[in-house]
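Okay, sequence plus prediction incoming.
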Protein chains: 2
Amino acid sequence: MSTSPFAHAFELSLPDWAIELLAEEQPARTTLEQRMALTLTAARRNFERNSGGPFAAAVFEEQSGRLVSLGVNRVVPHGCSSAHAEVMALSLAQRRLQTFDLGGDGLPAHQLVVNWRPCAMCFGAIPWSGVRSLVIAGGGPAIEELTGFDEGPIHPDWLNELERRGIHVTQGVLESEAWSVFEDFARSGRPVYNARQG
Amino acid sequence: MSTSPFAHAFELSLPDWAIELLAEEQPARTTLEQRMALTLTAARRNFERNSGGPFAAAVFEEQSGRLVSLGVNRVVPHGCSSAHAEVMALSLAQRRLQTFDLGGDGLPAHQLVVNWRPCAMCFGAIPWSGVRSLVIAGGGPAIEELTGFDEGPIHPDWLNELERRGIHVTQGVLESEAWSVFEDFARSGRPVYNARQG
């Protein structure tokens, strides 16, 4: 037996309520509003159930609207600063499809739907994932003022950088509903987990 | 039993050779060159043993030089586009210390050492991790020409963005040795795994 003090592996998982939600029948979601509504439900439930921050993401087959994966923020429960909703959703989609490239040969086009503009890390994760499009409810620094969450040093030309790589961006889907989730989070007094609190 | 087709969790782990390496006595590495030498050994071994791309990262206690974690690129073996060396090293350090914030109260300052400039995603992951400094061997687009690896849309002012967040950056540590690893990788003919190959 090794007595090495080093960690050799880490696992990131969905909370129980999300597993239960995914066990329900998942209809094809043909409109972007239907797809965003799922992420808003998950984002709200995630902070209400104390299973993470108010962020959720989902991967869909772009044309059919079939749900491939759901991710929620798991930073605090897992003690892992990379466990953002987008990383969870993309990694779980790749796990299900057994490939690191959701844009690979023979696969349908995949779409990432997120309840707010991705942070600097998740922005950088999107081109590696192979998704062909990104759908967000809103973006901009207002969320930092309302919730205290830091978006990080996001690329100043982030939208065009994605479009240039063939990833189409749609903004403003259910924006006011998404904003309501953040307002309710802010009112809840639950913790914000930006790093370097020491 | 659930018959849900969805993935609920994913695990990322080190290859066996890295676990064996970590089981050896790990001396305090007081110089940056000693710290970088470890990542170069790991980066080289990772592609030679077919356990991932030619990238490695390690977290050290900044002052003592004590090794906290080692990470290597695991994208292809795990089918996970986020399994970059930096994400592995940071997540394994956080797992070991049981916190998402390596800069948290009561912890010594932590340093991330990487064998090349982080890609756009890993650049964004660094501020969330709580490390206080970043050490790299080199940077710039030459690696893309030599190896074919895409660095992604990295922030044009990435270095100052990190410094502004209190993360000190040191460049040029064992740069020619790091470059040799990439040259040997390029000569090996092993696959480059940029996404969207379909």
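Yep, that arrived. Not measured: the values here are computed from a predicted model.

what comes into contact with the helix or strand bottoming out on mean pLDDT in chain A?
Every helix and strand of chain A was ranked by mean pLDDT, DSSP states H and E. The lowest is helix A:142-147, at a mean of 82. Helix A:142-147 has contacts (CB atoms under 8 Å, 6 or more residues apart in numbering or on different chains) with A:P54, A:W116, A:F149, A:D150, A:E151, A:F182, A:E183, A:F185, A:A186, A:V192. Any C-beta I mention is one placed from the backbone N, CA and C, and that applies to glycine too.

All the helices of chain A, residue numbers only.
Ranges of helices within chain A are A:16-23, A:32-48, A:75-78, A:85-97, A:120-129, A:142-147, A:158-164, A:175-188, based on DSSP state H.

I'd like to know which elements the shortest one is packed against.
Helix A:75-78 is packed against strand A:9-13, with contacts defined by 3 or more CB pairs under 8 Å, 6 or more residues apart in numbering or on different chains; DSSP states H and E.

Please see if the strand it packs on touches chain B.
Yes: Strand A:9-13 comes into contact with chain B (CB under 8 Å from any CB of the partner chain), by way of A:A9, A:F10, A:E11, A:L12, A:S13.

From those residues, list just the buried residues.
Buried members of the residues of strand A:9-13 next to chain B, counted by 16 or more other CB atoms under 10 Å in any protein chain shown: A:F10, A:L12, A:S13.

Adding pLDDT, write those residues out as TSV.
Formatted as TSV, those follow (pLDDT from 0 to 100):
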residue	pLDDT
A:F10	98
A:L12	98
A:S13	98
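
out of the residues you listed, who's nearest chain B?
A:S13 (3.5 Å; CB to the nearest CB).

contacting residues for the residue lying closest to the closest one once chain neighbours are set aside?
Residue nearest to A:S13 in three dimensions, not counting chain neighbours: B:A9, with 3.5 Å by CB to CB, 6 or more residues apart in numbering or on different chains. With contacts defined as CB under 8 Å, 6+ apart, the neighbours of B:A9 are A:E11, A:L12, A:S13, A:L14, A:L92.

any idea how far the third one lies from A:F6?
Using CB to CB, to the nearest Å, we find A:S13 at a distance of 22 Å from A:F6.

Tell me where the model's unsure across chain A.
Within chain A, the ranges that satisfy pLDDT under 70 run A:1-3, A:195-198.

Any idea how many residues pack against A:Q171?
Applying other CB atoms under 10 Å in any protein chain shown, we find 14 residues neighbouring A:Q171.

thought it was touching A:L134?
No: counting by CB atoms under 8 Å, A:Q171 does not reach A:L134; the two are 9.0 Å apart.

I appreciate the help and will end here.
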